[in-house]
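Visitor: Using only what follows, build the 3D model:
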Amino acid sequence: QVHLVESGGGSVQAGGSLRLSCAGSGSYNRDCMGWFRQAPGKEREGVAATLGGRITYADSVKGRFTISKDNAKNTLYLQMNSLKPEDTAMYYCAAAPYFRRCDDYNYWGQGTQVTVSS
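Guide: Got it, this is the predicted structure:
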């Protein structure tokens, strides 16, 4: 059974930084993981992903967010700098199972709230 647990969210002023963590357990493809976010009244959007060694970012976070992982700790990170009020959302990590498409996320965490005030 796969468990993904996010942490590190909180409230911060615009221009500040936060680092999100996603601790995983169970059998999933650690090379195929991503961060998503969903703000109230909006659709969920992809923020960053590590797809078999290729890293992608949403245009809105390029240059400000960095995705990384520590396989030894089974942890995925999202370093968020220069935060803006529009980054306010619930942030989720996701992972794909083995032997599926790398972006076929089947496992999701419960989310961690990020609130950025102006």
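
Visitor: Provide a list of residues in contact with the spatially most central residue of the chain.
Guide: Among the residues of the chain, residue 35 comes closest to the average C-alpha position under C-alpha atoms, centre = their mean, at 2.4 Å. Residue 35 makes contact with 20, 22, 46-49, 67, 76, 78, 91-94 under the criterion C-beta atoms under 8 Å, 6 or more residues apart in numbering. No exception for glycine: its C-beta is placed from N, CA and C like everyone else's.

Visitor: can you redo those as a markdown table with secondary structure?
Guide: What follows is these, written out as a markdown table (DSSP: H, G, I helix; E, B strand; the rest coil):
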| residue | secondary structure |
| --- | --- |
| 20 | strand |
| 22 | strand |
| 46 | strand |
| 47 | strand |
| 48 | strand |
| 49 | strand |
| 67 | strand |
| 76 | strand |
| 78 | strand |
| 91 | strand |
| 92 | strand |
| 93 | strand |
| 94 | strand |
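
Visitor: hmm, back to that, now for the residue nearest to the centre of the chain, which secondary structure element holds it?
Guide: In this structure, residue 35 sits in strand 29-38 according to DSSP states H and E.
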